[in-house]
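K.L.:
Just to be clear, the model below is a prediction. Sequence and coordinates:
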Amino acid sequence: MTAHMAQFIIPAAPALVVFWTAAFLLFYVYAVYPLLLALIGLFVRSKRPDPGYYPQLSVLIAAYNEEAAIAEKIEQYQIIRTHVFE
């Protein structure tokens with residue numbers, strides 16, 4: 001290989017590193033990681049909540065110049081909160 005050809009090969013090396021790193025990361029994200037999760041899921045099971053258990057929920061209401069309608073909105077959320085889910 002001549003010195004003239006070597007100058008074209010060396011600058012391509014960083015591009016190849018970037019390409020193969022990106023290719024590996026895509027392969028890992030879409031193939032390896034889901035398979036790892038499935039494999040772990042075979043051995044580790046999460047506990048299911050008791051029947052009738054409902055987690056707490058916080059609602060954030062953004063209100064600006066809503067003095068006329070905010071009381072009604074809060075009442076609507078309280079109705080939702082006290083509703084019994086079946």
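P.N.:
Looks like it arrived, so ask away. Numbering: from 1, shown residues only.
K.L.:
from here on, contacts and neighbour counts on C-alpha atoms
P.N.:
OK.
K.L.:
what about residue 25, neighbour count?
P.N.:
13 (other Cα atoms under 10 Å).
K.L.:
oh, I was asking about residue 28
P.N.:
Neighbours of residue 28 using other Cα under 10 Å come to 14.
K.L.:
Next: residue 36.
P.N.:
Residue 36 has 11 neighbouring residues, counting by other Cα under 10 Å.
K.L.:
tell me the mean pLDDT for the helix or strand that contains it?
P.N.:
Following DSSP states H and E, one finds residue 36 within helix 33-43. Averaging pLDDT along helix 33-43 yields 94.
K.L.:
helices and strands around it, which ones?
P.N.:
Packing partners of helix 33-43 (3 or more Cα pairs under 8 Å, 6 or more residues apart in numbering; DSSP states H and E): none among the helices and strands.
K.L.:
Can I get that helix in PDB? Just the C-alpha atoms.
P.N.:
Provided in PDB are the C-alpha atoms of helix 33-43 (Å, rounded to 0.1, in the frame of the first residue of the first chain):
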ATOM      1  CA  TYR A  33     -32.900  -5.500  25.400                       C
ATOM      2  CA  PRO A  34     -36.400  -6.900  24.800                       C
ATOM      3  CA  LEU A  35     -35.000 -10.400  24.900                       C
ATOM      4  CA  LEU A  36     -33.200  -9.700  28.200                       C
ATOM      5  CA  LEU A  37     -36.500  -8.400  29.600                       C
ATOM      6  CA  ALA A  38     -38.400 -11.500  28.400                       C
ATOM      7  CA  LEU A  39     -35.700 -13.700  29.900                       C
ATOM      8  CA  ILE A  40     -35.800 -11.900  33.300                       C
ATOM      9  CA  GLY A  41     -39.600 -12.000  33.200                       C
ATOM     10  CA  LEU A  42     -39.400 -15.800  33.100                       C
ATOM     11  CA  PHE A  43     -37.700 -15.900  36.500                       C
END
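K.L.:
which secondary element of this protein has the worst mean pLDDT?
P.N.:
The weakest-scoring helix or strand in the chain, judged by mean pLDDT, DSSP states H and E, is helix 3-9 (a mean of 60).
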